[in-house]
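Peer 1: what would the 3D arrangement of this be:
(2 chains)
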Amino acid sequence: MQIATWNINGVKARLDNLLEWLRSAGPDVCCLQEIKSEDAAFPRGAIEDLGYNVATHGQKGFNGVAVLSKHPFDEVLPRLPGDDADEQARYLEAVISTGEGAVRVASIYLPNGNPPDTEKFTYKLAWMDRLHAHAEATLRLEEAFVMAGDYNIIPEPEDAHDPAAWEGDALFRPDSRGKFRSLLNLGLTDALRACTDAAETYTFWDYQGGAWQKNNGIRIDHLLLSPQAADRLKSCRVDKHTRAWERPSDHVPVVIDLAV
DNA sequence: ATGCCAATGTTCCATTGA
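Peer 2: All right, here's what the predicted structure looks like:
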């Protein structure tokens, strides 16, 4: 079964690109981030027509996540536990059953956190603590669990074309990267790095400064796998061709294939 | 230190993003 994550940067502005990619790649599950849409305005009909069930957790204007699945949802869980006052739509978890078993999948839009001397960065670190606690609790279920999304974390210098340019940025600060490592240290596997050490593997290229043309990218979209999911990992790829499409998202899809 | 682009709402500028 193929599970994808894609920060779509506005699902309504990007609907044609999304449908084209779903038709050609045909993933079983697709986690979307930055849908920038309220649930009622989400273009679910066009996606359902391609055979997908649709779960959304959106808000007006920005943020917002969704899970699309060709298999039925057993369970849908919006919101990351740990702070009932948090109004930002950044987390949606679903249990998806197939003929051969169930997979728990989370669509994650981790806060950017810039500028790092503001409460935005404090919020990012606190959000990462909540994600850590929730991951730890969920891992105790010993299920195949795929935490997919835009983590807004550059894990290592080799995950940036120009790491020096990211020095001090919320995506690359030692404290941000440290919390990401702590998450991995719970026993999660970074799917892409389990499959390749290929240099210059990126998932985001800024719209500005000709970043795509210069391959000035970063790897910030990740699929982290529980041991039960990692044991079933067959492959992981980045569909970077979508970045060259007209009116592209600044992120591209990352796709894993699981033997489920 | 800031703008560069792009989407959206607060709409002909401001906010947010990375």
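Peer 1: okay, CA-based contacts and neighbour counts for the rest of this
Peer 2: Fine.
Peer 1: ok, now which ones touch A:Asn152?
Peer 2: Neighbouring residues of A:Asn152 by Cα atoms under 8 Å, 6 or more residues apart in numbering: A:109-112, A:171, A:220-221.
Peer 1: please report the distance of it from A:Gly113.
Peer 2: A:Asn152 sits 8 Å away from A:Gly113, going by Cα to Cα, to the nearest Å.
Peer 1: near DNA strand B, which residues of chain A show up?
Peer 2: With Cα under 7 Å from any atom of the strand as the criterion, chain A comes near DNA strand B at residues A:9-14, A:36-37, A:60-63, A:111-112, A:114, A:150, A:152, A:171, A:204, A:206-209, A:247-248.
Peer 1: what is the neighbour count of A:Glu87?
Peer 2: 9 (other Cα atoms under 10 Å).
Peer 1: most neighbours among the contacts of A:Asn152, which one?
Peer 2: For these, the largest number of neighbours (other Cα under 10 Å) sits with A:Asp221, at 28 neighbours.
Peer 1: for the closest residue in space to that one that isn't next to it in sequence, grab phi and psi.
Peer 2: Of all residues not flanking A:Asp221 in the chain, A:Asp150 sits nearest, at 4.4 Å (Cα to Cα, 6 or more residues apart in numbering). Torsion angles at A:Asp150 (phi, psi; degrees, to the nearest 10) stand at phi -90, psi 100.
Peer 1: can you tell me the element the most centrally placed residue in chain A falls in?
Peer 2: Centroid check for chain A by Cα atoms, centre = their mean gives A:Gly149 as the closest residue, at 1.0 Å. Here A:Gly149 sits within strand A:145-150, counting by DSSP states H and E.
Peer 1: correct me, but A:Asp190 touches A:Asp221?
Peer 2: No. With contact defined as Cα atoms under 8 Å, A:Asp190 does not count as touching A:Asp221 (10.4 Å).
Peer 1: coming back round to it: can you check which residues contact both of A:Asn152 and A:Gly113?
Peer 2: Common neighbours of A:Asn152 and A:Gly113, counting by Cα under 8 Å, 6+ apart, are A:Leu171.
Peer 1: tell me the pLDDT at A:Ile35?
Peer 2: pLDDT, A:Ile35: 96.
Peer 1: the one 5 residues further on too?
Peer 2: For A:Ala40, the model assigns a pLDDT of 94.
Peer 1: okay, it and A:Leu92: tell me how far apart.
Peer 2: 16 Å.
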